[in-house]
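J.: Below are the sequence and a predicted model for it; my questions follow.
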Amino acid sequence: MIRFSELPIERLLDPKGYACDCGLHHVCDLRHFKCGAGVIAQVPRVVRDMGYTYPFVVCDPNTYEAAGAQVVKLLEAAGIQYKLFIVPQKGEKVEPDEWSVGAVTMALDVNCDMFLCVGSGVLNDVCKVSSFAAGKPQMVVVTAPSMDGYASSSSSMHVNDVKTTLYNHCPVAIIADTDIVANAPMRMLWSGFGDMIAKYVATCEWRIAHLIVGEYYCEEVASLMRRALKAIVDNADKLSGRDPQVIQAITEGLVLAGIAMSYAQVSRPASGLEHYFSHMWEMIGPERGVTPDFHGIQVGVGTLQSLKLYDWIRTLKPTRERGLAHMAAFDRGAWEDMVRDIFGQSAPQILAVEEKAKKNDPVQHRKRLDRIVDNWDKILAIIEEELPETSVIEGIMKELGMPMVAADLGWDEKGAKDAYTGSREIRDKYLTSSMLWDIGYAQEARDLVQAK
Ligand SMILES: [Zn+2]
Ligand SMILES: [Zn+2]
């Protein structure tokens, strides 16, 4: 078996993929990834190498300024015909909704043989939906390293005003010129950093879920994420000065996270409890009048909160008695009331999740509890191996001036605690909050989570 976690990113894009001891044959659809100073100059060559002749260049007014104008000039100089469309902004920014997808789709010349999206997360998501529907491949010129969705095969969209994940396709090429992404707004750089430090908690939780509920796990894919994290955290203090080395490490790390998810065929390598804080805030935000922040900024706050929870988990000594007593005292009616209180209008869909997941079933609970109690030493060892010192991450975030607690994002105590409690309920995924529920520490954990 080839230890692919040590290979350069270019080799991970090998279309033959890698057979792995985990049982999967790891492969991703991304074919070209260029990251570094001045790599934007390679856009025409990558277009030609892939055999395309007539790109549909999509920007928004800001990304046209940042990189779109340069892309168009390069295509002209190379004698490549193109069609340019600048998505008009209706509000402060382009929204990932039907209007944007419609605008892009209506502007498409059907003779174009590829989409060339110049932008960050939202525009990339919009173009993925449109290009997938049109049956044309997509290339991306990155303008901000703000989240890890560049290399994913899905889009985070608002469909009928409801946040929804649409599955489509992964871009065939990603070009990230560090001279350009280094000039992205600082909040977007923070967001990229936040989405990366999340991988500590995600990897740790992935291993724990593997141990407790037997979920699929691949050590090589996890190692890919560890490698990316090291490159970022070692130089994180230089992010404020927009140091090219750390910007490059973050950009590469975010693309690597996308590759890792494609390789594993699940989001586990990149997303755990810390992401569920963010998912919860997006779900309950509209009804509680709190406007969401950038994905990675919310995830960064979720990461710090999760690390604090883990500091406490290290001090616990779970017992069968306590776990069983918790299950015996479980009151279905009270649980439903709690779900309705936290989720409001979304409560019916959350209650429906449990019909399938059966997380509250005593027989299933007993199996998980036995696994946890019997393997507690192993769980503690995983935590020790995977997680950084909370104070180190806290120190970096503080130094950078990032939002660090839920209150920094506009949340009150109930909003912070509800995000924690609700995390166990939104999907059938075994999280840290699921484990704490199983051992009878759900209330204590909720008490520990704080907005400030
Ligand atoms: Zn594997
Ligand atoms: Zn993320």
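T.: Arrived safely. Ligands and ions are numbered 1, 2, ... in the order given.
J.: Residue 436 and residue 447 touch, don't they?
T.: No. With contact defined as Cβ atoms under 8 Å, residue 436 does not count as touching residue 447 (11.5 Å). Every C-beta, even on glycine, is put in place using the N, C-alpha and C of the backbone.
J.: Which one of these two is surrounded by more residues?
T.: Neighbours were counted for residue 436 and for residue 447 using other Cβ atoms under 10 Å; residue 436 has more, 25 against 11.
J.: From ligand 1, how far out is the more buried one?
T.: Residue 436 is 29 Å from ligand 1, where distance means Cβ to the ion, to the nearest Å.
J.: Most proximal residue of the stretch 101-250 of the chain with respect to ligand 1?
T.: residue 218 (3.3 Å; Cβ to the ion).
J.: Ignoring the adjacent residues along the chain, who's closest to that residue?
T.: residue 22 (3.9 Å; Cβ to Cβ, 6 or more residues apart in numbering).
J.: most residues in a single helix of the protein, which one?
T.: Scanning the chain for the helix with the most residues, using DSSP state H, yields helix 186-213.
J.: Now the helix or strand following that one: buried residues?
T.: Once the chain leaves helix 186-213, the next helix or strand it forms, by DSSP states H and E, is helix 219-233. The neighbour-count check on helix 219-233 (16 or more other Cβ atoms under 10 Å) flags 220, 221, 222, 223, 224, 225, 228, 229, 231, 232, 233 as buried.
J.: Helix 219-233 - contacts with which helices or strands?
T.: Applying 3 or more Cβ pairs under 8 Å, 6 or more residues apart in numbering; DSSP states H and E, one finds that helix 219-233 makes contact with helix 186-213, helix 244-264, helix 390-400.
J.: Any chance of these in a markdown table with mean pLDDT as columns?
T.: Below are those laid out as a markdown table (pLDDT from 0 to 100):
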| stretch | mean pLDDT |
| --- | --- |
| helix 186-213 | 97 |
| helix 244-264 | 94 |
| helix 390-400 | 96 |
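J.: mind putting these in a markdown table, distance to ligand 1 included?
T.: A markdown table is the format used below for those (distance: least, Cβ to the ion, whole Å):
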| stretch | distance to ligand 1 |
| --- | --- |
| helix 186-213 | 12 |
| helix 244-264 | 7 |
| helix 390-400 | 28 |
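J.: which bits of this structure sit near ligand 1?
T.: Neighbours of ligand 1 within the chain, by Cβ under 5 Å from the ion: 20, 22, 218, 220.
J.: Which residues are in contact with the second one?
T.: If you count contacts by Cβ atoms under 8 Å, 6 or more residues apart in numbering, residue 22 has them with 216, 217, 218, 219, 220, 221.
J.: That one belongs to a helix?
T.: No. According to DSSP: H, G, I helix; E, B strand; the rest coil, residue 22 belongs to no helix; its state is coil.
J.: residue contacts, the closest residue to residue 204 other than its chain neighbours?
T.: Spatial nearest neighbour of residue 204, excluding adjacent residues (Cβ to Cβ, 6+ apart): residue 386 at 3.7 Å. Taking Cβ under 8 Å, 6+ apart, we find residue 386 in contact with 200, 203, 204, 207.
J.: how does the protein divide up, domain by domain?
T.: Using automatic domain parsing, the domain parsing of the chain gives 4-184, 273-448.
J.: about what we covered before: which of the residues of the chain next to ligand 1 lies closest to residue 283?
T.: Of all these, residue 283 sits closest to residue 218, with 29.6 Å by Cβ to Cβ.
J.: Cross-check the contact I'm expecting between the closest one and residue 266.
T.: No. Counting by Cβ under 8 Å, residue 218 sits too far from residue 266 to count as a contact (9.7 Å).
J.: So for these two, which residue has more residues nearby?
T.: residue 218 (24 against 18).
J.: List the residues that contact that one.
T.: When contacts are counted by Cβ under 8 Å, 6+ apart, residue 218 touches 20, 22, 24, 26, 263, 264.
J.: Distance check, the second one against residue 251.
T.: In this structure, residue 22 and residue 251 are 27 Å apart, going by Cβ to Cβ, to the nearest Å.
J.: how long is stretch 337-350 end to end?
T.: Distance between the two ends of stretch 337-350: 12 Å, counting by Cα to Cα, to the nearest Å.
J.: roughly how far out does that stretch sit from the chain middle?
T.: A distance of 24 Å separates the centroid of the chain from that of stretch 337-350, by Cα atoms, centre = their mean, to the nearest Å.
J.: residues in contact with it?
T.: Contacts for stretch 337-350 (Cβ under 8 Å, 6+ apart): 283, 284, 287, 351, 418, 421, 422, 425, 426.
J.: I'd like to know which of those residues is nearest to ligand 1.
T.: Looking across those and measuring by Cβ to the ion, the closest to ligand 1 is residue 426, at 27.3 Å.
J.: Next, the closest one: secondary structure please.
T.: Using three-state DSSP, the structure places residue 426 in coil.
J.: pretty sure it contacts residue 280?
T.: Yes. Residue 426 lies in contact with residue 280 (Cβ under 8 Å); the separation is 7.0 Å.
J.: Which one's more surrounded, the two?
T.: Set side by side, residue 426 and residue 280 show more neighbours around residue 280, with 24 against 18, by other Cβ under 10 Å.
J.: I'd assumed that one was in a helix, is it?
T.: Yes. Under three-state DSSP, residue 280 falls within a helix.
J.: Can you name the residues that contact the nearest residue to it once chain neighbours are set aside?
T.: Of all residues not flanking residue 280 in the chain, residue 419 sits nearest, at 3.8 Å (Cβ to Cβ, 6+ apart). If you count contacts by Cβ under 8 Å, 6+ apart, residue 419 has them with 276, 277, 280, 281, 284, 302, 406, 411, 449.
J.: Tell me the spacing between residue 419 and residue 155.
T.: On the measure of Cβ to Cβ, residue 419 and residue 155 end up 24 Å apart.
J.: go on, residue 395?
T.: Applying Cβ to Cβ, the value for residue 395 to residue 155 is 35 Å.
J.: same check, this time on residue 173
T.: Counting by Cβ to Cβ - residue 173 and residue 155 are separated by 17 Å.
J.: ok, now residue 414?
T.: On the measure of Cβ to Cβ, residue 414 and residue 155 end up 31 Å apart.
J.: which of the two has more neighbours?
T.: Counted by other Cβ under 10 Å, residue 414 and residue 155 do not tie: residue 155 has more neighbours, with 24 against 13.
J.: give me the element the most far-flung residue of the chain relative to its centre is part of.
T.: Centroid-distance maximum for the chain: residue 79 at 37.6 Å, with Cα atoms, centre = their mean. Taking DSSP H and E as the definition, one finds residue 79 inside no helix or strand.
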